[in-house]
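Quick one: sequence plus predicted model below, questions after.
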Amino acid sequence: MYMRYLCIPLILLLAACGHPPSSGKQVFRYNVQEGIASLDPAFAKNQAVIWAVKQLYNTLVEPDDHLNIRPSLATRWEVAPDHKTYIFHLRTDVYFHDNPVFDGGKGRKMTAADVVYSLRRIMDPATASPGAWIFNGKVDPEQGFQALNDSTFQLSLLQPFHPIFGILSMQYCSIIPHEIVDKHGKDFRNHPCGTGPFMYSFWEEGQALVLHRNPHYFEKDSTGHTLPYLDAVKVTFQDSKATEFLLFRQGQLDFMNDIDASFKDEVLTKKGLLKKEWEGKLVLDKSPYLNIEYLGFLLDSTKSAVKISPSRLQKIRLAINYSIDRGRMITYLRNGIGYPANAGFVPMGLPSFDTAKVKGYPYDPAKARQLLQEAGFPEGKGLPAMHLLSIPIYEDYANYVANQLQQVGIPVQVEVMQKALLLEQTSKSEALFFRGSWMGDYADAENYLAVFYSKNPAPPNYTRYANPAFDRLYEKALQENNDSLRYLLYQEMDRMIVADAPVVPLFYDQVIHLVQPNVTGFTSNALNLLELRKVKIKV
């Protein structure tokens, strides 16, 4: 921590606790229950870190509000005919934040060499980044990243992989200066320095993180005004959602992510609308979220338990899918948050999502009973009980499903266990019928369809689904550079999943934000990235 920064953040901390700053400064305040483990983008593996890192750094490309890829540090790019070589042309007006490590303490210009360093560092075993998987098997760490000159970066892939743009937009791929890492080593986690709209000021772990506006940020709005508009961002770490909600109600926080079950009935109607007593007091912001909740079946026929399980039969799996009223689940268990998963495994919010092209399973108990009879178990007679493995926070959902299945004659016993144990069992292919979820790492349906690619281990292929026709389409899609054609391949694969039913899609999730009425310019996207560049607070 640098001494010249100490006094200002402490004033901000006091000013942001329920009393607007007397100087009229715009300070955006939010809380993170779980805390922040690191400000090093190589460790941006969860939402709390991703949100903070996004304010401090930039990537070559980024998703817009509709998850289409747009330029950021790169202004444009070319793709070679072999779809393996990408040339990115970089901005020449981007500077790292001022830092004592640089000559004269002034931030130096960002160049293609910084891009090479940053991306190689993710793959370097010495970094031990949990994001190393994004390039492993796709890029040679030595030859894959090249600086052709200061403003031109070349990426070479081992084989075509069009979703590479989604990967390059992940916060793991933030561009950093080697000098700061050389100086601080592992302590780079709390000495961050990037090119982003905000710069590091103060972090007392477990108490507060304060970021200040970067006065040299390169982006401008449509009128030529330099972004961001905010003067500072303050993050607190209250570990109680109830306390966080109380602080929000008192005006001490500007924003809340998600609504805890303990008070959702107080704020929302069963249809997911804001109750009348809250209108004008807060803004409810909702949008699709790239997360699907599902139930999975283990289909590995080499396992002795699978050979005798009812779920080995496709018609039983289909019967289960038709037995569940997903709309009722959303209404009564989630206060209208989310969307019934009636259009395949790929969730709402992705550009390739199309309910006309992929039709899932409507609630049809009569069809479920017919499938049971065709499978040799009329009214469920002779069908052994299935064990549905769940985790504590999803016990209500598991019991709901069990009740629905029993109504058509499918006996189910719910077994609740800790998340770590369930993950262990699914990873070892020991769970026959289990609760699962898949949250998108980047905005491409490939990220979801990879869950069913037979050459992938568990994770992500927890069901051990294996279909040669699916695999061929998956491999073809990776080489398709035309978005429209690639989306058709994705939809065909999703239809295969619906037909084979290795999973029971339950619901597509929804981003829920509570925002103070004096906050403007706040937008959401289906990756739930915290975008603050154009936010203003009326003080």
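Cool, the structure landed.

Give the residue spans of the chain that score low on pLDDT.
Within the chain, the segments meeting pLDDT under 70 span 1-23.

what's the following helix or strand after the longest strand along it?
Counting residues, the longest strand found in the chain (DSSP state E) is strand 283-297. Using DSSP states H and E, the helix or strand that follows strand 283-297 towards the C-terminus is helix 304-307.

which parts of that following helix are buried?
Neighbour counts over helix 304-307 (16 or more other C-beta atoms under 10 Å) mark residue 306 as buried. C-betas here are computed from N, CA, C, even on glycine.

what's in contact with it?
Applying C-beta atoms under 8 Å, 6 or more residues apart in numbering, the contact partners of helix 304-307 are 298, 299, 300, 301, 312, 432.

what's the answer for stretch 346-359, then?
With C-beta under 8 Å, 6+ apart, stretch 346-359 has contacts from 66-68, 287-292, 339, 341-344, 440, 443-445, 448-449, 483, 486-488, 490-491, 494-495, 498, 508-509, 526.

hmm, which of those are the buried ones?
Neighbour counting with 16+ other C-beta under 10 Å marks 67, 287-292, 339, 341-344, 440, 443-445, 448-449, 486-488, 490-491, 494, 498, 508-509, 526 as buried within the contacts of stretch 346-359.

Go through those residues and flag which are in strands.
Those of the buried ones among the contacts of stretch 346-359 mapping onto strands are 287, 288, 289, 290, 291, 292, 339, 508, 509, per DSSP E.

Just flag the most distant two among those.
Longest distance between any two of these is 15.3 Å, between 287 and 292; criterion C-beta to C-beta.

does residue 433 really touch residue 294, like I thought?
No. Between residue 433 and residue 294 there is no contact under C-beta atoms under 8 Å: 11.5 Å.

out of those two, which sits in the busier spot?
residue 433 (23 against 20; other C-beta atoms under 10 Å).

how much space between the spatially closest residue to residue 446 that is not a sequence neighbour and residue 312?
What sits nearest to residue 446 in space, not counting adjacent residues and going by C-beta to C-beta, 6 or more residues apart in numbering, is residue 163, at 4.5 Å. The spacing between residue 163 and residue 312, counted by C-beta to C-beta, to the nearest Å, is 32 Å.

ditto for residue 191
54 Å.

How about the secondary structure of residue 506?
Three-state assignment for residue 506 (DSSP: H, G, I helix; E, B strand; the rest coil): strand.

In space, what's closest to it - neighbours in sequence excluded?
Per C-beta to C-beta, 6+ apart, closest to residue 506 is residue 293, 4.7 Å.

got it, and residue 162?
Residue 162 sits nearest to residue 481 (C-beta to C-beta, 6+ apart), 5.8 Å away.

so the one you found makes contact with residue 78?
No. Residue 481 lies out of contact with residue 78 (C-beta under 8 Å); the separation is 11.8 Å.

who's in contact with residue 528?
With C-beta under 8 Å, 6+ apart, residue 528 has these contacts: 47, 257, 289, 290, 511.

Now do the contacts for the fourth one.
When you say that, I think you mean residue 290. Contacts of residue 290 (C-beta under 8 Å, 6+ apart): 347, 349, 350, 439, 440, 443, 509, 526, 527, 528.

Count residues in the vicinity of the third one, would you?
Put plainly, it is residue 350. Quick note: residue 350 (other C-beta under 10 Å) scores 22 neighbours.

Quick check: the gap between it and residue 367.
28 Å.

related to what we said a few turns ago, please tabulate the ones in strands among the buried ones among the contacts of stretch 346-359 in TSV, including the columns distance to residue 308.
Putting those into TSV (distance: C-beta to C-beta, whole Å) gives the following:
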residue	distance to residue 308
287	44
288	40
289	38
290	36
291	33
292	29
339	36
508	33
509	34
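
CA atoms only for the host helix or strand of residue 475 - export them in PDB, please.
For residue 475, the host element (DSSP H and E) is helix 468-478. Taking C-alpha atoms only, helix 468-478 is exported to PDB below (Å, rounded to 0.1, in the frame of the first residue of the first chain):
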ATOM      1  CA  PRO A 468     -20.600 -40.500 -32.300                       C
ATOM      2  CA  ALA A 469     -23.000 -38.400 -34.400                       C
ATOM      3  CA  PHE A 470     -23.000 -35.800 -31.700                       C
ATOM      4  CA  ASP A 471     -19.200 -35.800 -31.500                       C
ATOM      5  CA  ARG A 472     -18.900 -35.300 -35.300                       C
ATOM      6  CA  LEU A 473     -21.200 -32.300 -35.100                       C
ATOM      7  CA  TYR A 474     -19.400 -30.800 -32.100                       C
ATOM      8  CA  GLU A 475     -16.000 -31.100 -33.900                       C
ATOM      9  CA  LYS A 476     -17.500 -29.600 -37.100                       C
ATOM     10  CA  ALA A 477     -18.900 -26.700 -35.100                       C
ATOM     11  CA  LEU A 478     -15.500 -25.800 -33.700                       C
END
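
Contact partners for residue 409?
369, 372, 377, 379, 380, 381, 383.

Doesn't it lie inside a helix?
No. The assignment for residue 409, made by three-state DSSP, is coil rather than a helix.

Skipping adjacent residues, who's closest to it in space?
residue 380 (2.5 Å).

circling back: so which of the contacts of stretch 346-359 are in helices?
The helices, defined by DSSP state H, take in 448, 449, 483, 486, 487, 488, 490, 491, 494, 495, 498 from the contacts of stretch 346-359.

would CSV of those with distance to residue 155 be doable?
Output for the ones in helices among the contacts of stretch 346-359, formatted as CSV (distance: C-beta to C-beta, whole Å):
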residue, distance to residue 155
448, 24
449, 23
483, 19
486, 19
487, 23
488, 26
490, 23
491, 28
494, 29
495, 33
498, 35
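
ok so, going back, and the residue nearest to residue 162, how far is that from residue 160?
For residue 481 relative to residue 160 (C-beta to C-beta), the value is 8 Å.

shared neighbours, these two?
Counting by C-beta under 8 Å, 6+ apart, the residues touching both residue 481 and residue 160 are residue 83.

what's near enough to touch residue 71?
Here residue 71 is in contact with residue 61 (C-beta under 8 Å, 6+ apart).

How about residue 281?
Residue 281 is in contact with residue 517, counting by C-beta under 8 Å, 6+ apart.

before we move on, back to that, tell me which two of the contacts of residue 290 sit farthest apart.
Largest separation among those by C-beta to C-beta: 443 and 509, giving 14.6 Å.

Looks like residue 401 contacts residue 295 (just checking).
Yes. Using C-beta under 8 Å, residue 401 is in contact with residue 295, at 6.9 Å.

joint contacts of the two?
Joint contacts of residue 401 and residue 295 (C-beta under 8 Å, 6+ apart) are 388, 504, 506.

How about the contacts made by the first one?
Neighbouring residues of residue 388 by C-beta under 8 Å, 6+ apart: 295, 398, 401, 402, 412, 413, 414, 415, 433, 434, 435.

Wait, the first one touches residue 502, no?
No. At 10.2 Å, residue 295 and residue 502 do not qualify as touching, with contact defined as C-beta under 8 Å.

if we can go back for a sec, from residue 209, how far out is the residue nearest to residue 162?
For residue 481 relative to residue 209 (C-beta to C-beta), the value is 40 Å.

So for these two, which sits in the more crowded spot?
Neighbours per residue, other C-beta under 10 Å: of residue 481 and residue 209, the larger number sits with residue 209, 23 against 11.
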